[in-house]
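Trainee: Give the three-dimensional model of this entry:
(chains A and B)
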Amino acid sequence: MRIARACDALGITPVFAVSEADRDAPYTRGREVVVLGPARASSSYLDVRRVVQAAVQSRCSALHPGWGFLSENPLLASLCAAHGVTFIGPPPHVMALMGGKTPAKRAMRGAGFAVIPGSDGPVASAADARASAEQVGYPVLLKAESGGGGRGMRVARGPDELEAAFTDAQGEARGAFGDDRVFLERLIEGGRHVEIQVFADRYGNAIHVGERDCTVQRNHQKLIEESPSPVLSDELRARTLATAVAATRAIGYVGAGTMEMLLEPGGGTLRFMEMNTRLQVEHTVSEQRSGLDLMILQIRVAAGQRLPLTQDAVALTGHVIECRINAEDPAAGFRPAPGQITGWQLPDRQDGAIRVDTHVEAGYRVPPYYDSLLCKVIARGDDRADAIARMLRALSELRCEGVPTTIPLHQRILASSAFRTHAYDTRTNPLELT
Amino acid sequence: MSFVPVTPIGAPLAPAADDHRPALAVLEDRLRARRAEVEAGWGPSYVDRVHKKGKLTARERLRKLIDPGTEPRELGTFVNYGEVFPGDQRSPAAGVVTALALVEGRWCMVIANDNTVASGAWWPRTPEKIQRAQQIALRLRLPTIYLVDCSGLFLPEQSKSFPGGRGAGHIFKMNSLLSANGVPQLAGVFGDCIAGGGYMPIISDRVYMTEQAYMVIAGAALIKGAKSQKMTSLGIGGPEVHVHQSGCADVRVPDDDTLLACLRREVTRLPTSGASYYRGGVGDLAPAHRADELGALLPVDHREVYDAHQVIARLVDQSLFWEVLPEVGEEMICGVGRIGGLYAGLVINRQGLVGDPERPGSQRPAGILYRQGIAKISAFSRACNDDGLPLIWLHDISGFDIGAEAEAHGLLAYGSSLIYTNSTNSVPMFSVLLRKASGAGYYAMAGMPFDPVVQLSTCLSRLSVMEGRTLAIATYNTKLDDDFQIAVSDPAERAKIEAGMREVEARIEQDMDPFVAARQQDTDEIVELAALRDWLRDLVEMAYQGTGYRRVKNPRIWSMHDLAELARGSRR
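Mentor: The predicted structure follows:
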């Protein structure tokens, strides 16, 4: 829907590629639709051949991969290029470079970023892992080279745990990803998650759209994102943003991307973790702070246009906070809570200070066992306190009946003293400290 | 259609499938051990001797010359391997290191006399090995760098390395041809450079000498009265003479390290590689199915079959491949993919059974050349040549079909057409002996006699005219019945025939060893299967390095499209 809105604004006709299950979904009303295949994702949304064939047959000149799994698949990008379809995203070899854990680290270290100390590439044996661990210092984390989602990961707090951690990580990586290569890095516990929104065109022009602080998480799921980060010094912020732009240019990046960084406990250094080669859910925070429409920009750049503005013209003002509202039951350990929404009322826009992105309306049925995101509420204020106040007002006005939501959780976090004094990290959300 | 219609091929290794890597590891461990043995030259005492003179060994020089973090692609490692010369002497790597290597981002051919083996003397096959390296450089227009430290011909065996068409002097003819074809040549002289060794550097565009180096037609030892006049070779042919009086060298430098740094600086002045231009903004992308799984796919026993598509899936970028003419001659697979971001043509023969167009509904064994398959790879080979697509031949082939039907179909003529095509192609071709390369199949797939730029073997390669069992049958044919069973009743004679057949089989088996081929220069190098994709990536990159000497077409004007279109048309 977000992509289709941008297409509408640009006078482009979007074609929705959907599975048989989604052919009658409300968002396809009045839209051109092409059916990829049966409901099972592996025969529809995840089958690169069908996706490209659908684009070719419906005579699309470009393909937007969305934010799902295929959005970071270099094979899809190559296959699009081979069949004359413009892939809206970076070139496949850049995507592959950033998709590889250790190649990405190496490239970013070359571009001037601090990275998490660790082995240079995968470790071949437990003995190699031991040697590497001695160098970087315990505790260490063993991670699958082609891993993700926390699988193929093991912690060793001391030399006695190393061998088992190596063997377990390797075994799990082999089973889960068919690739038993693991690498080692120092385990940094806690810290803050800061990410940088970058953007580049095909002609070597690159900008940043500021940073986002996504430290408030629950089970590695982001709850609240804000910009600017309340804990970065001006000097560290300026230096990191400049490095991010230089790195974007150095790797030949095109389009929207996010560099995820870890601010060590104590706040000394921002270290590069990984790069997401797509537009993320929380890009709206950067849009509200800069006034830019990143989706439109993404399509323009893919069409070969130059970035319409230089860094000087990117005005980052005020403070923006985003809350992700999910249909979850706090009483049941935040399990997704499907059901029908009987009442749905959006908050007052407060003269444009509040933005709500949603696909929900009254009568909407939250599908079971699926992403339970109902909406994103984004509040903009003159400063952090102002943004918090506006968000609290909006949350009190947002009405959702029929399913339990995370609205009360957000209200408690925003009102907590820990949130206001920044005394939390990625492991411990502000409520646990209050 | 001017797109290259690649599609994803291959599948993950089935969890239940046999993994042939353990069996292969035994063979590849031996390969690595033998390589280490060759690299040790004549051993540590000779290395020490070189170091005591303040010099580096040939392999140390090579390492310092090439770009840090890159691996040289050594060729001819096993030339003379196992050969024993008079005086119980051996010549590891034939006393010369030849390697394709990156210097300042350009692929170069490096030819370095091994000063840890008889002071870099030329043994039998050393001249041929150097000439082979020069030939490869000439074919791909690769800058050629000589690291000279050579005491001259190994004289006790001079009759084997001096007079023939490939005798030592032919090296200088190759020097001349390289120069005449505009291939840059650089020489660094690090020590002895006597007689033939003296001519090798002179044709180079730039000649550097260290203070320990001399170049002479004959050394002081052969000059009458040299002893009483206290003449030394350094005195009569050192840098003082050649840089300042004769002009036979350009620059004198204090030591090995400085000379190597100077050579690197010379290379920076050459044009950069065209490869990045020909990639057209596309990068080097690993196969979607990992290249190091190749060893898991290929059974060590050459009679066992596998899926040839799975092999290609582990060689081409992202496992994306355009199979050309899949509808005819299915015993052969040919098509186009990118390797390291650059387009290349690949030909491989299938294993197992395929449909028999002569008898619809029935099957016949693949791994054999029939009329349709030969016609298909001939046409594909011509199209690659026409389009400038480097062509990779992957052999695992038993030979041509035989029998009355094959002759009536005129396989001799179809085969000759293919041979004519491959013989007159100018596009770089590379030959890989995956497993079997038997009989005329080896010739049909552009084996060494058809001048591939480089031919690689694996530890599984079996190179022969015919398998030992077949030859044993042919030899004892008069004593065998229709089913090739021994048709003799006398037990004594029967035992004699059995023993004879076993002996023939055993001898052929031994000669099919890839190390025999490598020793005789019938193949350029033996490589690990897991490294094959990287080798091919580098070779293809070399084929696109030079610009202006060979045809490279963009895909819009490929004749390959015409071929595919015509085949489709015939189906309608």
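
Trainee: any idea how chain B splits into domains?
Mentor: Following automatic domain parsing, chain B resolves into domains at B:33-272, B:285-461+B:523-566, B:465-512.

Trainee: Just the pLDDT at residue 107, thanks.
Mentor: By default, I'm working from chain A. At A:A107, the model reports a pLDDT of 92.

Trainee: wrong one, I was asking about chain B
Mentor: 98.

Trainee: thought it was touching B:E541?
Mentor: Yes - between B:W107 and B:E541 there is a contact under CB atoms under 8 Å: 6.8 Å. For glycine as for every other residue, the C-beta is placed from the backbone atoms N, C-alpha and C.

Trainee: Overlap of the contact sets of the two?
Mentor: B:S273 (CB atoms under 8 Å, 6 or more residues apart in numbering or on different chains).

Trainee: Figure out how far the longest helix that chain B contains is from the centre of its chain.
Mentor: Identified as the longest helix of chain B according to DSSP state H is helix B:491-511. Averaging C-alpha positions (CA atoms, centre = their mean, to the nearest Å) puts helix B:491-511 34 Å from its chain's average.

Trainee: So which residues make contact with that helix?
Mentor: Under CB under 8 Å, 6+ apart, the answer for helix B:491-511 is B:464, B:466-469, B:471-473, B:475-476, B:479, B:486, B:488, B:516.

Trainee: How about stretch A:220-232?
Mentor: A:150, A:192-194, A:210-214, A:216-217, A:237, A:240, A:263, A:267, A:270, A:281-282, A:285-286, A:289, A:316, A:319-324, A:384, A:387, A:406, A:409-410, A:413-414, A:422, A:429.

Trainee: what about burial for these, which qualify?
Mentor: A:192-194, A:210-214, A:216-217, A:237, A:240, A:263, A:270, A:281-282, A:285-286, A:289, A:316, A:319-324, A:384, A:387, A:406, A:409-410, A:413-414, A:422, A:429 (16 or more other CB atoms under 10 Å in any protein chain shown).

Trainee: For the stretch 151-300 of chain A, just list every one of the helices.
Mentor: A:159-177, A:234-250, A:283-290, A:294-302 (DSSP state H, counting those that start in this stretch).

Trainee: For B:D88, find the nearest of the ones you listed.
Mentor: Taking CB to CB, helix A:159-177 is the member of the helices of the stretch 151-300 of chain A nearest to B:D88, at 48.1 Å.

Trainee: Could you pull up the contacting residues of whichever residue of the stretch 201-350 of chain A sits closest to chain B?
Mentor: Distances between the stretch 201-350 of chain A and chain B by CB to the nearest CB are smallest at A:G252, namely 8.5 Å. Taking CB under 8 Å, 6+ apart as the criterion, A:G252 is in contact with A:91, A:94.

Trainee: ok, 6 Å please
Mentor: A:V94 (CB atoms under 6 Å, 6 or more residues apart in numbering or on different chains).

Trainee: ok, now B:R550?
Mentor: With contact set as CB under 6 Å, 6+ apart, B:R550 has no partners.

Trainee: Report pLDDT for A:N326.
Mentor: At A:N326, the pLDDT recorded in the model is 91.

Trainee: Can you list phi and psi of it for me?
Mentor: A:N326 adopts backbone torsions of phi -110, psi 150, taken as degrees, to the nearest 10.

Trainee: What is the neighbour count of whichever residue of the stretch 451-572 of chain B sits closest to chain A?
Mentor: Chain A sits closest to B:P555 of the stretch 451-572 of chain B, with a gap of 9.8 Å, by CB to the nearest CB. B:P555 is flanked by 18 other residues according to other CB atoms under 10 Å in any protein chain shown.

Trainee: Once you drop chain neighbours, what's closest to it?
Mentor: Distances taken as CB to CB, 6 or more residues apart in numbering or on different chains put B:V4 closest to B:P555, at 5.1 Å, once the chain neighbours are dropped.

Trainee: got the contact list for that neighbour?
Mentor: A:82, B:322, B:555.

Trainee: swap in B:A487?
Mentor: Applying CB under 6 Å, 6+ apart to B:A487 gives the contacts B:480-481.

Trainee: Check what pLDDT it gets.
Mentor: 81.

Trainee: Now it, what are its backbone angles?
Mentor: Dihedral angles (degrees, to the nearest 10) for B:A487: phi -110, psi 50.

Trainee: Next one: it from A:Y45, what distance?
Mentor: The gap separating B:A487 from A:Y45 is 67 Å, by CB to CB, to the nearest Å.

Trainee: next one: B:A261
Mentor: For B:A261, the distance to A:Y45 - CB to CB - is 56 Å.

Trainee: can you tell me the helix or strand for A:D128?
Mentor: Here A:D128 is covered by helix A:126-136, with elements defined by DSSP states H and E.

Trainee: now the angle from that helix to helix A:159-177?
Mentor: 120 degrees (axes from the mean of the first three to the mean of the last three CA atoms, to 10 degrees).

Trainee: which parts of helix A:126-136 are buried?
Mentor: A:126, A:129-130, A:132-133, A:136.

Trainee: Stretch A:31-50 too?
Mentor: By neighbour count on 16+ other CB under 10 Å, the buried set for stretch A:31-50 is A:33-37, A:41, A:44-48, A:50.

Trainee: Nearest to chain A within chain B, name that residue for me.
Mentor: For chain B, CB to the nearest CB, closest residue to chain A: B:G283, 2.4 Å.

Trainee: Good, we can wrap up now.
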